[in-house]
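[1] after the sequence you'll find the predicted model.
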Amino acid sequence: MSFDLNLIAESLPMMLMGIGITFKLLIISGFLGLTLAIFLLLMRISGRWYLSFPAQVYIYVFRGTPILVQIFIIYYGLPQFETVRDSIFWPILREPMGCAILALTLNTGAYVSEILRGGVLGVSKGILEAGSALGMSVRQKFIYLTAPIAARLALPAYSNDVISLLKSTALASTITIADMTGIARTIVADTYAPYEIFISLAIVYMIFTFGIQKLFGVIERYLGRYTQREG
């Protein structure tokens with residue numbers, strides 16, 4: 001089997017026209033998902049069951065079901081309810097982009113919350129005891145001790161989640177969004193050449209993944225610069 005290099009050369013610029021939508025999905029969903037994850041984390045570690053239990057249920061539901069199913073429920077299911085169509089959220093939910101961002105946000109928020117909780121649990125009790133000995137309040141210990149250390153501990157796992165989110169944005173093409181994957185599917189429908197197109201698309205995603213890994217590697221080295229031994 002031979003590959004049509006001319007087709008690949010013609011298709012790559014077309015697929016890259018969807019890069020703006022792909023990164024729009026990634027950046028907005030990533031930011032909103034991180035914000036949601038922080039709220040869920042605070043609920044989990046609050047020590048109050050009426051806050052912790054709903055957060056646990058939420059995380060279980062969104063981690064226990066496929067993201068594609070969640071996208072379909074939001075895009076095809078929610079508009080079936082008249083209360084949704086009459087709500088202030090309808091201008092967002094009636095658009096495929098809004099539904100995709102909502103689904104990606106809710107999904108990544110559940111995963112990132114557990115990543116952050118792992119970072120919080122990884123903070124040494126000795127450090128917190130030292131903070132108490134210095135007269136720091138619970139709030140001060142969380143802000144000045146727990147949060148910075150937990151962020152550094154959680155960063156490697158969080159970078160993996162960002163990469164997973166990047167790949168999950170491809171599922172937005174299933175609800176008519178013309179991201180890179182959506183454009184690739186259109187090209188395949190016109191050319192009947194799935195191997196050339198999808199392999200080229202896979203290489204593009206791997207390049208972006210490599211860039212994200214390098215970016216987080218730089219951030220991780222910067223945050224851990226005080227813990228590295230000299231020499």
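    Looks like it arrived, so ask away.

[2] name the residues of stretch 44-62 that are buried.
    Neighbour-count burial for stretch 44-62 flags 44-45, 51, 55, 58-59, 62 (criterion: 16 or more other CB atoms under 10 Å). C-beta coordinates here come from the backbone N, C-alpha and C atoms, glycine included.

[3] these in helices, which ones?
    Among these, DSSP state H puts 44, 51, 55, 58-59, 62 in helices.

[4] closest one to residue 113 out of those residues, please.
    Of all those, residue 113 sits closest to residue 59, with 6.0 Å by CB to CB.

[5] now the closest one: how far from residue 204?
    Here the criterion is CB to CB, to the nearest Å. By it, residue 59 lies 32 Å from residue 204.

[6] what helices and strands are in contact with the helix or strand where residue 8 lies?
    Per DSSP states H and E: residue 8 is located in helix 5-16. Where contact means 3 or more CB pairs under 8 Å, 6 or more residues apart in numbering; DSSP states H and E, helix 5-16 is packed against helix 180-191, helix 194-223.

[7] ranking those helices by burial, who's on top?
    Highest mean neighbour count among the helices and strands packed on helix 5-16 (mean count of other CB atoms under 10 Å): helix 180-191, with a mean of 19.

[8] quick check, residue 172 in contact with residue 25.
    Yes - counting by CB atoms under 8 Å, residue 25 is a contact partner of residue 172 at 5.8 Å.

[9] any shared contact partners between the two?
    Shared contacts of residue 172 and residue 25 (CB atoms under 8 Å, 6 or more residues apart in numbering): 97, 100, 104, 179.

[10] how about the second one: what's its closest non-neighbour residue?
    Which is residue 100. With CB to CB, 6 or more residues apart in numbering as the criterion, residue 100 has its nearest non-adjacent residue at 4.0 Å, and that residue is residue 172.

[11] sec struct for residue 88, please.
    With DSSP: H, G, I helix; E, B strand; the rest coil as the basis, residue 88 sits in coil.

[12] quick one: it from residue 179, how far?
    Computed as CB to CB, the residue 88 to residue 179 distance reads 27 Å.

[13] so what touches stretch 175-182?
    Everything outside stretch 175-182 that qualifies as a contact, by CB under 8 Å, 6+ apart, is 15-16, 18-19, 21-22, 25, 71-72, 75, 96-97, 99-100, 169-170, 172-173, 186, 201, 204-205.

[14] again with stretch 13-27
    97, 100-101, 104, 162, 165-166, 169-170, 172, 177-184, 187, 197, 200-201, 204.

[15] circling back: and for the residue nearest to residue 100, the neighbour number?
    Residues contacting residue 172 under the criterion other CB atoms under 10 Å number 26.

[16] identify the residues contacting residue 91.
    Applying CB under 8 Å, 6+ apart, we find residue 91 in contact with residue 98.
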